[in-house]
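Chemist: return atomic coordinates for the entry below.
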Amino acid sequence: PKGVFDQLVNLHTLWLNSNQLTSLSAGVFI
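Modeler: Residues are numbered from 1 along each chain as shown. Okay, the predicted model is just below:
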């Protein structure tokens, strides 16, 4: 279903964003 696919994309986008933030903050602290 379209709605499920949209939800998966949103989750993946959120995961990527939080992953980038984690990498950035880790880079700042290292």
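
Chemist: next, count neighbours for residue 2.
Modeler: The burial count assigned to residue 2 is 6, neighbours taken as other CB atoms under 10 Å. C-beta: built from backbone N, CA, C; applies to glycine.

Chemist: what is whatever helix or strand residue 18 lives in packed up against?
Modeler: In this assignment (DSSP states H and E), residue 18 forms part of helix 2-29. Other elements packing on helix 2-29 under the criterion 3 or more CB pairs under 8 Å, 6 or more residues apart in numbering; DSSP states H and E are absent; no helix or strand qualifies.

Chemist: got the buried residues for that helix?
Modeler: Burial within helix 2-29, assessed by neighbour count using 16 or more other CB atoms under 10 Å, is assigned to no residue.

Chemist: pLDDT of it, averaged?
Modeler: Averaged across helix 2-29, pLDDT comes to 89.

Chemist: so how far is it from its chain's centroid?
Modeler: Between the mean C-alpha location of helix 2-29 and the chain-wide mean there is a distance of 0 Å, by CA atoms, centre = their mean, to the nearest Å.

Chemist: and if you look at stretch 20-30?
Modeler: Distance of stretch 20-30 from its chain centroid, counting by CA atoms, centre = their mean, is 14 Å.
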